[in-house]
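Novice: pasting the sequence and the predicted coordinates here, then a few questions.
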Amino acid sequence: MIIEIKVNTDKQILEQIASELQGILIHKPEGDIIITGSKTKKLPEKFNEFAEKIYVFENDMQLSSRQYRSKREIRFGELVIGGIHKNTLLMAGPCAVENHEMIDKTALLLKELNIKVLRAGAYKPRTSPYSFQGLGLDGLKLLDKMRKIYDLKIISEVRDSTHADEVIAYSDIVQIGAKSMYDHGILRKCGKTRKPVLLKRGFGTTLQEFVQAAEFILSEGNDNVILCERGIRTFENKTRFTLDLCCAAYLKQYTNLPIVLDPSHAIGYAYGVHDLARACVAMGVDGLLIEVHPDPSQAKSDASQQINHEEFKRVFESIKAVANAIGYKII
Ligand code: PEP
Ligand code: MN
């Protein structure tokens with residue numbers, strides 16, 4: 001249940017209501033709210049006079065629910081996604097920032113195509129402790145350099161909560177990876193910032209769990225949450241994962257959060273990225289994440305799925321046409 005509290009309600013009363021209902025109190029410029037796990041509209045009578053409006057939900061999809069509010073708008077400087085805007089934000093770059101030369105080449109490619117968001121991991125959550133783990137803070141500094149030279153926005157991921165503050169400071173969008181989706185330390189830290197957070201769906205995660213993870217961030221007060229489907233594990237093993245486009249349809253219908261699709265991690269092979277990217281854009285989503293590398297064969301992580309610059313240019317041209325056909329715009 002979400003209770004919108006009447007403006008000018010005494011602070012002490014506010015805290016008393018939150019404590020008695022064992023609810024989470026969020027201070028908002030438009031008015032404070034209290035959220036509880038209750039699924040009935042009943043408030044203790046003494047509190048009724050302080051409630052402006054009450055929303056009841058069937059499950060713990062609350063702040064993210066379409067029933068609570070219409071589609072959220074998220075701003076990235078001059079760019080905006082979500083709300084009524086039919087924009088698909090293209091976020092592209094290598095899996096990881098590996099050195100100055102390769103990230104500079106990638107940033108230059110984006111600049112040439114007028115793409116505004118550079119993605120690259122500095123802290124990589126790898127499946128093996130023996131593989132490349134990312135450049136850490138040095139990687140974030142390289143990304144910062146690219147931001148300044150090429151006027152790009154940066155999206156980079158938090159691997160664990162010990163460096164969350166660093167990643168938040170250096171990124172314009174903070175990514176929470178599929179393997180970290182259940183990490184409450186990360187979720188709560190990202191809830192404390194006001195920067196946009198892109199939350200990836202775990203590959204064994206139900207939609208209910210995915211949305212509940214988003215609720216952790218939202219209920220800490222960060223309104224800027226973006227959901228990203230990046231493929232789930234199924235019985236199929238010819239492709240790395242299975243891109244769940246039904247997930248995008250469901251999230252569009254029931255949540256108010258912007259939705260991003262990631263064809264690169266889903267298929268895991270460069271050959272399929274072009275076709276899948278078209279399919280993703282045709283879904284009418286708010287963003288697309290694509291891995292691109294100057295020389296994919298030499299990539300230190302996710303080598304098989306990264307596309308080269310020439311292929312990326314072809315993908316870019318064809319997704320613009322698809323977006324145009326459904327009344328969207330790639331930004
Ligand atoms: C990534 O974006 O490079 C990444 C590690 O993605 P995921 O968390 O979806 O595996
Ligand atoms: Mn990757």
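Specialist: That came in fine, so what should we check first? Worth saying up front: this structure is predicted, and the values here are computed from it rather than measured. Numbering: from 1, shown residues only. Ligands and ions are numbered 1, 2, ... in the order given.
Novice: and the residue of the stretch 1-150 of the chain closest to ligand 1?
Specialist: Cys95 (4.5 Å; Cβ to the nearest ligand atom). In this view, the C-beta of every residue, glycine as well, is placed from N, C-alpha and C.
Novice: swap that for the stretch 201-331 of the chain, please
Specialist: Arg230 (3.9 Å).
Novice: and the closest residue to that residue other than its chain neighbours, what is it in contact with?
Specialist: In space, and not counting its chain neighbours, Arg230 is closest to Asp262: 3.9 Å by Cβ to Cβ, 6 or more residues apart in numbering. Taking Cβ atoms under 8 Å, 6 or more residues apart in numbering, we find Asp262 in contact with 200, 228-231, 288-290.
Novice: ok, these vs Cys247, which is closest?
Specialist: Closest approach between those and Cys247, by Cβ to Cβ: Glu229, at 4.5 Å.
Novice: so the closest residue to that closest one other than its chain neighbours, which state does it fall into?
Specialist: In space, Glu229 comes closest to Cys247 once its chain neighbours are excluded; the distance is 4.5 Å by Cβ to Cβ, 6+ apart. Under DSSP: H, G, I helix; E, B strand; the rest coil, Cys247 falls in the helix class.
Novice: tell me the contacts of Arg240?
Specialist: Arg240 neighbours (Cβ under 8 Å, 6+ apart): 231, 265-269, 305.
Novice: Glu52 too?
Specialist: Glu52 neighbours (Cβ under 8 Å, 6+ apart): 4-7, 31.
Novice: partner strands of the helix or strand where it lies, with direction?
Specialist: Using DSSP states H and E, Glu52 sits in strand 51-55. Partners of strand 51-55 in the sheet, by DSSP bridges, are strand 2-5 (antiparallel).
Novice: what lies in contact with the partner strand?
Specialist: 14, 17, 21, 23, 31-36, 43, 50-55, 57, 62-63, 68.
Novice: go through the residues you listed and flag which are in helices.
Specialist: Among the contacts of strand 2-5, the ones falling in helices (DSSP state H) are 14, 17.
Novice: picking that back up, from the contacts of Arg240, which would you call buried?
Specialist: 231, 265-268, 305 (16 or more other Cβ atoms under 10 Å).
Novice: quickly name whichever of the residues you listed is closest to Arg159.
Specialist: His265 (15.5 Å).
Novice: secondary structure element holding that closest one?
Specialist: Using DSSP H and E, His265 falls in helix 263-267.
Novice: before we move on, back to that, ligand 2 next: which of the contacts of strand 2-5 are close?
Specialist: Counting by Cβ under 5 Å from the ion, the subset of the contacts of strand 2-5 that neighbours ligand 2 is empty.
Novice: return the strand holding Glu52 as CSV; C-alpha atoms alone will do.
Specialist: What follows is strand 51-55, C-alpha atoms only, in CSV (Å, rounded to 0.1, in the frame of the first residue of the first chain):
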residue,chain,number,x,y,z
ALA,A,51,-4.0,10.4,4.2
GLU,A,52,-4.5,12.3,1.0
LYS,A,53,-4.7,9.2,-1.2
ILE,A,54,-4.2,5.5,-0.7
TYR,A,55,-3.2,3.0,-3.4
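Novice: ok, the closest residue to Ala18 other than its chain neighbours - contacts?
Specialist: Excluding its sequence neighbours, the residue lying closest to Ala18 (Cβ to Cβ, 6+ apart) is Leu25, at 4.1 Å. Leu25 sits next to 14-15, 18, 32-34 when contact means Cβ under 8 Å, 6+ apart.
Novice: same thing but at 7 Å, please
Specialist: Going by Cβ atoms under 7 Å, 6 or more residues apart in numbering, Leu25 touches 14-15, 18, 32, 34.
Novice: most neighbours among those, which one?
Specialist: Ile34 (25 neighbours; other Cβ atoms under 10 Å).
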